[in-house]
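S.K.: Here is a sequence together with a model predicted from it:
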Amino acid sequence: MTPFDTLTGIAVPFGQENVDTDIIIPAKYLKSVTRTGLGMGAFDSIRQDPDNIFDTQRNAGAPILIAGDNFGCGSSREHAPWALADMGFRCVIAPSFADIFSGNAFKNGMLLVELPQEQVDRLMEVAKTDEITIDLENQVVTTPFQDRFEFDIDPFRKHCLMNGLDEIGLTEQLAGDIDAFEQRRSADMPFLDPVT
(Lines give C-alpha, C1' and ligand atoms only; values in the text may rest on other atoms or scores of the structure.)
Protein backbone atom coordinates (compact mmCIF):
# COMPACT_ATOMS: atom_id res chain seq x y z
CA MET A 1 0.00 0.00 0.00
CA THR A 2 1.02 3.58 -0.53
CA PRO A 3 1.85 5.31 2.78
CA PHE A 4 -0.52 8.11 3.79
CA ASP A 5 0.95 11.17 5.45
CA THR A 6 -0.33 14.54 4.23
CA LEU A 7 -2.77 15.01 1.39
CA THR A 8 -3.67 18.35 -0.18
CA GLY A 9 -6.13 18.42 -3.03
CA ILE A 10 -9.54 19.03 -4.45
CA ALA A 11 -12.38 17.59 -2.41
CA VAL A 12 -15.64 16.57 -4.06
CA PRO A 13 -18.46 18.13 -1.98
CA PHE A 14 -20.90 15.23 -2.38
CA GLY A 15 -22.60 15.35 1.01
CA GLN A 16 -25.37 12.83 0.40
CA GLU A 17 -26.46 10.85 3.47
CA ASN A 18 -26.97 7.08 3.76
CA VAL A 19 -24.99 6.24 0.63
CA ASP A 20 -24.89 2.46 0.55
CA THR A 21 -22.35 0.23 -1.14
CA ASP A 22 -24.77 -0.46 -4.00
CA ILE A 23 -24.76 3.25 -4.83
CA ILE A 24 -20.96 3.34 -4.55
CA ILE A 25 -20.55 0.31 -6.86
CA PRO A 26 -23.70 -1.36 -8.23
CA ALA A 27 -23.92 -5.15 -8.23
CA LYS A 28 -23.72 -5.34 -12.03
CA TYR A 29 -20.05 -4.30 -11.78
CA LEU A 30 -19.08 -7.00 -9.28
CA LYS A 31 -18.11 -9.54 -11.91
CA SER A 32 -14.58 -8.16 -12.01
CA VAL A 33 -11.91 -10.24 -10.30
CA THR A 34 -9.43 -7.36 -10.10
CA ARG A 35 -9.47 -4.07 -8.27
CA THR A 36 -8.78 -2.00 -11.35
CA GLY A 37 -11.46 -0.63 -13.61
CA LEU A 38 -14.17 -0.43 -10.96
CA GLY A 39 -14.00 3.36 -10.92
CA MET A 40 -15.87 3.54 -14.20
CA GLY A 41 -18.91 1.95 -12.50
CA ALA A 42 -18.67 3.89 -9.24
CA PHE A 43 -21.74 6.01 -8.46
CA ASP A 44 -23.24 4.78 -11.73
CA SER A 45 -26.79 5.92 -10.96
CA ILE A 46 -25.58 9.41 -10.07
CA ARG A 47 -23.16 9.65 -12.99
CA GLN A 48 -25.95 8.97 -15.50
CA ASP A 49 -26.63 12.69 -15.17
CA PRO A 50 -24.08 14.43 -17.43
CA ASP A 51 -23.92 17.31 -14.94
CA ASN A 52 -23.04 15.06 -11.98
CA ILE A 53 -20.59 16.28 -9.35
CA PHE A 54 -18.04 13.52 -9.95
CA ASP A 55 -17.28 14.10 -13.61
CA THR A 56 -16.93 17.87 -13.70
CA GLN A 57 -13.62 19.13 -15.03
CA ARG A 58 -12.66 20.36 -11.56
CA ASN A 59 -13.62 17.21 -9.62
CA ALA A 60 -12.60 14.37 -11.94
CA GLY A 61 -9.76 12.48 -10.27
CA ALA A 62 -10.00 14.42 -7.00
CA PRO A 63 -8.30 12.63 -4.07
CA ILE A 64 -10.82 13.60 -1.36
CA LEU A 65 -14.54 12.89 -1.08
CA ILE A 66 -16.76 14.73 1.38
CA ALA A 67 -19.83 12.63 2.10
CA GLY A 68 -22.88 12.66 4.35
CA ASP A 69 -23.75 10.73 7.46
CA ASN A 70 -23.69 6.90 7.43
CA PHE A 71 -21.51 6.62 4.33
CA GLY A 72 -20.90 3.06 3.10
CA CYS A 73 -23.92 1.42 4.70
CA GLY A 74 -25.51 -1.66 3.16
CA SER A 75 -23.67 -4.78 2.10
CA SER A 76 -20.14 -5.75 3.04
CA ARG A 77 -18.74 -5.62 -0.51
CA GLU A 78 -15.05 -4.76 -0.49
CA HIS A 79 -15.52 -3.55 -4.05
CA ALA A 80 -16.79 -0.23 -2.63
CA PRO A 81 -13.40 1.05 -1.41
CA TRP A 82 -11.77 -0.53 -4.48
CA ALA A 83 -14.07 1.52 -6.73
CA LEU A 84 -13.44 4.71 -4.76
CA ALA A 85 -9.68 4.16 -4.95
CA ASP A 86 -9.92 3.48 -8.68
CA MET A 87 -11.65 6.86 -9.05
CA GLY A 88 -8.63 8.42 -7.32
CA PHE A 89 -10.00 8.92 -3.80
CA ARG A 90 -7.52 8.41 -0.95
CA CYS A 91 -9.64 9.94 1.80
CA VAL A 92 -13.34 10.25 2.62
CA ILE A 93 -14.60 12.77 5.15
CA ALA A 94 -18.06 12.31 6.69
CA PRO A 95 -19.90 12.59 10.02
CA SER A 96 -20.05 8.78 10.26
CA PHE A 97 -19.28 5.58 8.35
CA ALA A 98 -20.77 2.10 8.35
CA ASP A 99 -18.56 -0.27 10.38
CA ILE A 100 -17.91 -2.88 7.69
CA PHE A 101 -17.16 -0.24 5.08
CA SER A 102 -14.78 1.42 7.53
CA GLY A 103 -12.85 -1.82 8.02
CA ASN A 104 -12.70 -2.52 4.30
CA ALA A 105 -11.53 1.01 3.51
CA PHE A 106 -8.76 0.82 6.11
CA LYS A 107 -7.56 -2.57 4.86
CA ASN A 108 -7.26 -1.04 1.40
CA GLY A 109 -5.26 2.01 2.48
CA MET A 110 -8.05 4.58 2.50
CA LEU A 111 -8.26 7.14 5.30
CA LEU A 112 -11.73 7.81 6.68
CA VAL A 113 -12.07 11.03 8.67
CA GLU A 114 -15.07 11.48 10.95
CA LEU A 115 -15.96 15.08 11.78
CA PRO A 116 -19.06 16.73 13.28
CA GLN A 117 -21.72 17.77 10.75
CA GLU A 118 -21.01 21.50 11.09
CA GLN A 119 -17.34 20.95 10.25
CA VAL A 120 -18.28 18.75 7.28
CA ASP A 121 -20.66 21.51 6.12
CA ARG A 122 -17.84 24.05 6.33
CA LEU A 123 -15.52 21.80 4.30
CA MET A 124 -18.27 21.35 1.70
CA GLU A 125 -18.37 25.13 1.25
CA VAL A 126 -14.58 25.46 1.03
CA ALA A 127 -14.36 22.53 -1.40
CA LYS A 128 -16.43 24.42 -3.98
CA THR A 129 -13.53 26.80 -4.60
CA ASP A 130 -10.40 25.70 -2.72
CA GLU A 131 -8.32 22.67 -1.84
CA ILE A 132 -8.21 21.19 1.63
CA THR A 133 -5.40 19.42 3.46
CA ILE A 134 -5.50 16.28 5.58
CA ASP A 135 -2.51 15.78 7.88
CA LEU A 136 -2.68 12.26 9.28
CA GLU A 137 0.36 12.55 11.54
CA ASN A 138 -1.16 15.53 13.38
CA GLN A 139 -4.74 14.30 12.83
CA VAL A 140 -6.05 17.56 11.46
CA VAL A 141 -7.95 18.83 8.41
CA THR A 142 -7.14 22.39 7.38
CA THR A 143 -8.26 24.90 4.76
CA PRO A 144 -6.63 28.01 3.26
CA PHE A 145 -9.00 30.04 5.47
CA GLN A 146 -7.40 28.96 8.77
CA ASP A 147 -10.05 26.32 9.50
CA ARG A 148 -8.49 23.58 11.62
CA PHE A 149 -10.53 20.47 12.43
CA GLU A 150 -8.97 17.74 14.56
CA PHE A 151 -10.03 14.13 14.16
CA ASP A 152 -9.53 10.90 16.07
CA ILE A 153 -8.11 7.70 14.61
CA ASP A 154 -7.24 4.35 16.11
CA PRO A 155 -3.43 4.35 16.75
CA PHE A 156 -2.98 0.97 15.04
CA ARG A 157 -4.82 2.15 11.92
CA LYS A 158 -2.81 5.36 11.91
CA HIS A 159 0.46 3.40 12.12
CA CYS A 160 -0.57 1.09 9.27
CA LEU A 161 -1.76 3.91 7.00
CA MET A 162 1.30 6.08 7.62
CA ASN A 163 3.63 3.15 6.92
CA GLY A 164 1.69 1.68 4.00
CA LEU A 165 1.11 -1.61 5.81
CA ASP A 166 -1.72 -3.94 4.92
CA GLU A 167 -2.13 -7.35 6.56
CA ILE A 168 0.52 -8.86 4.28
CA GLY A 169 2.93 -6.02 5.05
CA LEU A 170 2.40 -6.49 8.78
CA THR A 171 3.12 -10.21 8.44
CA GLU A 172 6.24 -9.57 6.36
CA GLN A 173 7.61 -7.44 9.20
CA LEU A 174 7.73 -10.66 11.22
CA ALA A 175 9.55 -12.70 8.56
CA GLY A 176 12.62 -13.25 10.77
CA ASP A 177 10.50 -14.50 13.67
CA ILE A 178 8.51 -16.76 11.35
CA ASP A 179 11.69 -18.25 9.85
CA ALA A 180 13.15 -18.84 13.32
CA PHE A 181 9.94 -20.57 14.44
CA GLU A 182 9.90 -22.78 11.34
CA GLN A 183 13.52 -23.83 11.94
CA ARG A 184 12.82 -24.64 15.62
CA ARG A 185 9.68 -26.54 14.73
CA SER A 186 11.50 -28.53 12.04
CA ALA A 187 14.31 -29.41 14.48
CA ASP A 188 11.90 -30.38 17.29
CA MET A 189 9.25 -32.12 15.17
CA PRO A 190 10.76 -33.21 11.83
CA PHE A 191 7.82 -35.55 11.25
CA LEU A 192 5.72 -32.44 10.46
CA ASP A 193 7.99 -31.45 7.57
CA PRO A 194 6.56 -32.05 4.10
CA VAL A 195 7.76 -35.18 2.36
CA THR A 196 9.84 -34.37 -0.69
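M.R.: Thanks, I have the structure now. Everything quoted here is computed from the prediction, not taken from an experiment.
S.K.: Wasn't I100 part of a helix?
M.R.: Yes: assessed by DSSP: H, G, I helix; E, B strand; the rest coil, I100 belongs to a helix.
S.K.: and it, how many residues sit next to it?
M.R.: 17 (other CB atoms under 10 Å). Quick note: C-beta positions are derived from backbone N, CA and C, even for glycine.
S.K.: so where does the closest residue to it other than its chain neighbours fall, helix or strand?
M.R.: Nearest residue to I100, sequence neighbours excluded (CB to CB, 6 or more residues apart in numbering): S76, at 4.5 Å. Under DSSP states H and E, no helix or strand contains S76.
S.K.: tell me the contacts of S76?
M.R.: Shown in contact with S76 (CB atoms under 8 Å, 6 or more residues apart in numbering): T21, I100, N104.
S.K.: Then N163?
M.R.: N163 touches P3, G169, counting by CB under 8 Å, 6+ apart.
S.K.: distance of it from L7?
M.R.: 16 Å (CB to CB, to the nearest Å).
S.K.: What of S75?
M.R.: 28 Å.
S.K.: what do you get for R157?
M.R.: Taking CB to CB, one finds R157 at 16 Å from L7.
S.K.: Which residue is the nearest non-sequential neighbour of the spatially most central residue of the chain?
M.R.: A centroid search over the chain (CA atoms, centre = their mean) returns M110, at 2.1 Å, as the residue closest to the centre. Sequence neighbours aside, P81 is the residue nearest to M110 in space, at 5.2 Å (criterion: CB to CB, 6+ apart).
S.K.: got the contact list for that neighbour?
M.R.: Here P81 is in contact with F101, N104, A105, N108, M110 (criterion: CB under 8 Å, 6+ apart).
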